[in-house]
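Novice: below are the sequence and a predicted model for it; my questions follow.
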Amino acid sequence: MESDEAAGAQSHTDPVFTVNITHAIKDGDSLTYLVKSTQVSDKVEYEVQHPFEDFQWLQHTLLTQEGIPGLAGVIFPPIPVKPGTTVANAEAKAKKYLGIRSQSLMGDDWHKYCYALEKYLQQVNVHPILRKNPTLLNFLTKKEPPMKGKPRKGIFNKLTQVVEEILKEHHKDIDDYFQAERESNYVLTAFTKSLTEKCLEMIHSEQRMAVACGHFSTALHIGSGHEADPNDYAVTKMCIKLSEAIDTLKRNFERVAKNNMNTLGCHLELYSRFQDAEKEMLFRRTCKLIEVENANRCVEKAKHHKKAQAEEVKRIVEREYEDISEMAKKEIQNYHQNRVREYREALVCLTECQLRTARETHTLLTKQLAELSQRFTD
């Protein structure tokens, strides 16, 4: 029964396109991302390039759609923050390693960010409402940049939003389901952010271990002389073999750190942003609830000749509130199901990657240890 429901849910959110972002390309003073998509129905393939500002405009368009009942109850897939690494740093790395000025950035520095943007597009692409927006179709298929205006985010707008959140976010909900969800979101947001930070600290420790092993391996290799004395020659050979073993440990730490980042790290970072997206949705619903309460008070205080107008406003606001609440319940249920499923998939993928890495490292170290032991016996 559960598998049938899962199959039905999957068919309801079958993607219109399969989407991949393969790499980032330096384009003047900015970076553009290569978006490859294939239409599921007729297998037509598209390849377009978009700077980060195009992703921001797509998100802005999805947030400000009109004529969709209950849109404020949607948990919008969160777009990643703009990367902090400057173009100058990216260019310097490209010059250092590739010796050219303009180059596709295929290294680990941009892999995680390409993955985050790819995941964002995939989630929009399977959402039953957001995927119908024509802007998404144009974004995935049109090579021409979208006609857009820059969304306004002035300091006064931000201050107004902050003040509004302080005044309204603790407003008690009349629905126990949403009140419990708001309290759960508050707790989970703190735990998820803390867990994400701890995961990144672990990854950074593994990276530092890799660097230390690299320095040790290099020191052993450089420090081993090439003397003519047979005894010195034997010590040199053993140092070189030990250097190779330490280098194997270095590569192991690098792969373990990469596995952690590409599976659990990326998942925790994504759902840390998703917790914020759910919080924003719940806040929008709370704002509409306050509108309903204000409309009820206006009806009670309205004079006779304005009573009909106040009641009409009340009916409109209540209808919007009901649409948002209905949409929000569906979104919350889907969100928690997807969160649990993807967390399980991330853990399974992490386990498989780490087991494969451990087996390969064990094979190499066993061989190198046998060779080193042979040197001692000789």
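Specialist: Thanks, I have the structure now. Because the structure is predicted, anything quoted here is derived from the model rather than measured.

Novice: could you measure from D176 over to R182?
Specialist: 11 Å (C-beta to C-beta, to the nearest Å). C-beta here means a position set from N, CA and C on the backbone, and glycine is covered the same way.

Novice: you'd agree A245 is up against L372?
Specialist: Yes: counting by C-beta atoms under 8 Å, A245 does reach L372; the two are 6.8 Å apart.

Novice: what is the helix or strand harbouring Q337 packed up against?
Specialist: Assessed by DSSP states H and E, Q337 sits inside helix 307-377. Packing partners of helix 307-377 (3 or more C-beta pairs under 8 Å, 6 or more residues apart in numbering; DSSP states H and E): helix 176-223, helix 230-260, helix 266-301.

Novice: name the helices or strands packed onto the longest one?
Specialist: Same thing as helix 176-223. helix 230-260, helix 266-301, helix 307-377.

Novice: buried ones in the shortest one?
Specialist: Looking back up the chat, that one is helix 230-260. Residues of helix 230-260 classed as buried by neighbour count (16 or more other C-beta atoms under 10 Å): 236, 238-239, 241-260.

Novice: just checking: what are the partner strands of the host helix or strand of S37?
Specialist: Secondary structure from DSSP H and E places S37 in strand 30-39. Pairing partners of strand 30-39, with direction, according to DSSP bridges: strand 17-27 (antiparallel), strand 45-51 (antiparallel).

Novice: could you check it and say which residues are buried?
Specialist: Within strand 30-39, the residues scored as buried using 16+ other C-beta under 10 Å are 31-39.

Novice: redo those as JSON lines? Include pLDDT and distance to A277.
Specialist: Below are those laid out as JSON lines (pLDDT from 0 to 100; distance: C-beta to C-beta, whole Å):
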{"residue": "L31", "pLDDT": "79", "distance to A277": "24"}
{"residue": "T32", "pLDDT": "85", "distance to A277": "25"}
{"residue": "Y33", "pLDDT": "90", "distance to A277": "21"}
{"residue": "L34", "pLDDT": "91", "distance to A277": "26"}
{"residue": "V35", "pLDDT": "92", "distance to A277": "22"}
{"residue": "K36", "pLDDT": "92", "distance to A277": "26"}
{"residue": "S37", "pLDDT": "91", "distance to A277": "23"}
{"residue": "T38", "pLDDT": "90", "distance to A277": "27"}
{"residue": "Q39", "pLDDT": "86", "distance to A277": "27"}
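
Novice: need the pLDDT of V317.
Specialist: With respect to pLDDT, V317 scores 93.

Novice: check contacts around it.
Specialist: 288, 291-292, 295 (C-beta atoms under 8 Å, 6 or more residues apart in numbering).

Novice: just give me the closest of those residues to T361.
Specialist: T361 lies nearest to K288 out of those, by C-beta to C-beta, at 55.5 Å.

Novice: and the pLDDT for the residue nearest to that closest one when sequence neighbours are not counted?
Specialist: Spatial nearest neighbour of K288, chain neighbours left out: Y321 (4.8 Å); criterion: C-beta to C-beta, 6 or more residues apart in numbering. With respect to pLDDT, Y321 scores 94.

Novice: go on, V292?
Specialist: 92.

Novice: that one and S325: what is the separation?
Specialist: Taken as C-beta to C-beta, the span from V292 to S325 is 10 Å.

Novice: pLDDT weak spots in the stretch 101-250 of the chain?
Specialist: 101-110, 145-166, 224-232 (pLDDT under 70).

Novice: how about a cut-off of 90?
Specialist: Flagging of the stretch 101-250 of the chain using pLDDT under 90 yields the residue ranges 101-116, 132, 134-135, 137, 142-171, 173, 218-244.

Novice: just the strands from the stretch 51-200 of the chain, written as ranges.
Specialist: Assignment of strands within the stretch 51-200 of the chain using DSSP state E, counting those that start in this stretch yields the ranges 104-105.
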